[in-house]
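>>> I would like to see how this sequence folds:
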Amino acid sequence: MHNLSALPILYSLRNCPYAMRARLAIAASGQKVRLREVVLSQKPAQMLRASPKGTVPVLVLENKQVLEQSLEIMQWSFEQSDSSNYLLRRNAKALSVANTEQHKSNAINNSQQTDMHSLVALFDTEFKTCLEQYRSAKRYHDTQLVLHRNSCQVYLQMLEDRLSCNLYLCANTASVADLAIMPFIRQMARVERQWYLQSPYPKVRSWLDGFLQSPMFSKVMAQYPLWLEGNGDSVFGGI
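Model prediction:
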């Protein structure tokens, strides 16, 4: 049994894609945290003392170190435990490779990790900008909706091509890239639902559905009571 007061504290917001991917990594790595579900219009003073930026996610570790970025929280989670190789540090054939071939296996791993980090960075910058423009165009009935949708499609095609080569974005097993990018593709899929369902990206749809229909995603998206100072914490994660 965990001592509740010794667990890290995660400030989160259920539908925020950045908080979502932090929770995905915590759940996938089997970590446990004290979850504090907040609304940004009523930011708790404790959260602001820990992280004046005032956005989620924020993870306060047992040693009082504060992780303020979702990718930092994902990295921390899998540094604690990564039995499913989300960091792509182990080659799938590593156990059967002779010692003389180990350097080759390491080179493959390094290449996959570089590719994974580059893909996440691309989607966090370029795709995120296109997605925000697309969502805004739909919300405000912008006449350039199709133009912004087309900009997003460049990145959907990129994922479709990758999923034609591997079961997941960077390998035949899920990686940090899948967990980091999936919440934003989920957002895009909801902008024009009928267009998305008929769009020429069947592998992307199958990949996204695989996550959305998984027990892990149901656990990550469970509703928790809003946390207010003085209230008890909810425990999130664990096996």
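
>>> Flag every buried residue along stretch 42-58.
The neighbour-count check on stretch 42-58 (16 or more other CB atoms under 10 Å) flags Pro44, Gln46, Met47, Ala50, Ser51, Thr55, Val56, Pro57, Val58 as buried. Bear in mind the C-beta positions are built from the backbone N, C-alpha and C, glycine included.

>>> After the helix-or-strand element of the chain with minimal mean pLDDT, which helix or strand is next?
Every helix and strand of the chain was ranked by mean pLDDT, DSSP states H and E. The lowest is helix 102-122, at a mean of 79. Counting by DSSP states H and E, the next helix or strand C-terminal to helix 102-122 is helix 128-139.

>>> which residues make contact with that next one from outside it?
Identification of contacts with helix 128-139 by CB atoms under 8 Å, 6 or more residues apart in numbering yields 142, 144-145, 148-149, 151-152, 154-155, 184, 187-188, 191-192.

>>> tell me which element Arg162 falls in.
helix 145-163.

>>> which secondary structure elements does the top strand by length along the chain contact?
Ranked by residue count and defined by DSSP state E, the top strand of the chain is strand 32-37. Judged by 3 or more CB pairs under 8 Å, 6 or more residues apart in numbering; DSSP states H and E, strand 32-37 is in contact with strand 9-12, strand 234-237.

>>> Mean pLDDT lowest where, among these?
Confidence, taken as mean pLDDT, is least for strand 234-237 of those (a mean of 94).

>>> Could you spell out the sheet neighbours of that one, each with its direction?
The pairing partners recorded for strand 234-237 under DSSP bridges are strand 32-37 (antiparallel).

>>> Please pull up the helix or strand immediately following the partner strand.
Assigned by DSSP H and E, the successor of strand 32-37 is helix 45-50.

>>> got a list of contacts for the helix or strand following that following helix?
Counting by DSSP H and E, the next helix or strand C-terminal to helix 45-50 is strand 58-60. When contacts are defined by CB under 8 Å, 6+ apart, strand 58-60 is touched by residues 8-11, 22, 33, 47, 50-51, 66-68, 72-73, 76.

>>> mind running it again at 6 Å?
Pro8, Ile9, Leu10, Tyr11, Met47, Ala50, Ser51, Val66, Leu67, Glu68, Ile73 (CB atoms under 6 Å, 6 or more residues apart in numbering).

>>> residues near the fourth one, how many?
Here the neighbour count serves as a burial measure; for Tyr11 (other CB atoms under 10 Å) it reads 27.

>>> Correct me if wrong: it contacts Leu35.
No: using CB atoms under 6 Å, Tyr11 makes no contact with Leu35, being 8.5 Å away.

>>> and the angle from the strand or helix carrying Lys203 to helix 145-163?
Secondary-structure assignment from DSSP H and E places Lys203 in helix 202-212. Here helix 202-212 runs at an angle of 80 degrees relative to helix 145-163 (axes from the mean of the first three to the mean of the last three CA atoms, to 10 degrees).
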